[in-house]
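J.: Structure here, sequence nowhere to be found:
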Ligand SMILES: Nc1ncnc2c1ncn2[C@@H]1O[C@H](COP(=O)(O)OP(=O)(O)OP(=O)(O)O)[C@@H](O)[C@H]1O
């Protein structure tokens with residue numbers, strides 16, 4: 001079984017992925033953040049590094065999916081390959097931070113890859129408004145994320161909502177996390193687990 005957690009920057013994917021993996025005994029696949037060779041440069045100069053970063057994420061996500069699909073274990077994945085293409089790359093192109101030429105090249109690479117990708121059995125989307133995202137980004141205090149503009153988060157949220165509205169690849173669970181704190185409040189985590197239980201009941205057989 002393949003579960004994926006999606007959502008904007010700071011929506012709490014990594015924490016929820018960790019907690020659900022522990023709760024259900026699933027293996028977890030995280031985003032390449034600490035060893036990412038482009039991320040700090042990208043935040044300093046998006047136009048200069050957009051294409052490089054997108055190719056890096058696409059490849060790293062594709063390798064994760066291969067691993068998940070080739071394995072017999074149940075996996076939970078922190079962010080999907082769809083978000084790289086339909087949210088981040090699309091937004092960079094729309095905002096004029098990726099040229100038409102680079103975007104077309106990227107899309108063609110994505111199309112070649114997506115033919116080999118199976119959608120997750122369950123997609124969990126963490127919906128969060130800007131104040132919640134900003135609060136969580138500030139709390140974790142990654143230095144290179146301090147230059148991030150509110151507009152960037154807003155545009156990403158618009159892309160997320162559009163994508164989720166049209167998502168038909170598999171089961172989808174939308175969780176509004178604006179008033180949830182599944183780290184500090186055990187009842188909030190139980191609330192999420194109950195929702196997930198309802199969705200995965202039947203997927204195990
Ligand atoms: N395709 C992409 N294009 C641009 N930036 C990306 C892409 N994928 C991930 N990132 C950025 O890489 C970093 C990944 O950090 P991390 O894995 O902690 O996730 P996050 O998006 O901050 O979410 P969360 O707080 O929900 O775990 C963030 O700054 C994130 O937005």
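T.: Nice, I can see it. Remember, it's a predicted structure, so these values are computed and weren't measured experimentally. Residues are numbered from 1 along each chain as shown.

J.: Report the contact partners of the spatially most central residue of the chain.
T.: Compute the mean C-alpha point of the chain, and by C-alpha atoms, centre = their mean the closest residue is residue 79, 2.6 Å away. For residue 79, the set of contacting residues under the criterion of C-beta atoms under 8 Å, 6 or more residues apart in numbering consists of 4, 5, 6, 13, 31, 61. The C-beta positions use only the backbone N, C-alpha and C, and glycine is treated the same way.

J.: pLDDT added to those, as CSV?
T.: Putting these into CSV (pLDDT from 0 to 100) gives the following:
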residue, pLDDT
4, 98
5, 98
6, 98
13, 96
31, 82
61, 95
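
J.: Narrow those residues to those in strands?
T.: Where these overlap with strands, as defined by DSSP state E, the overlap consists of 4, 5, 6.

J.: right, and residue 192 touches residue 180 too?
T.: Yes - assessed by C-beta atoms under 8 Å, residue 192 is found in contact with residue 180 at 7.3 Å.

J.: now the strands for the protein?
T.: Listed in chain order (using DSSP E), the strands of the chain are 2-7, 27-29, 75-78, 122-127, 171-176.

J.: could you redo those strands as JSON lines and give each row mean neighbour count?
T.: Converted to JSON lines, the strands of the chain look like this (neighbours: other C-beta atoms under 10 Å):
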{"stretch": "strand 2-7", "mean neighbour count": "25"}
{"stretch": "strand 27-29", "mean neighbour count": "17"}
{"stretch": "strand 75-78", "mean neighbour count": "24"}
{"stretch": "strand 122-127", "mean neighbour count": "22"}
{"stretch": "strand 171-176", "mean neighbour count": "16"}
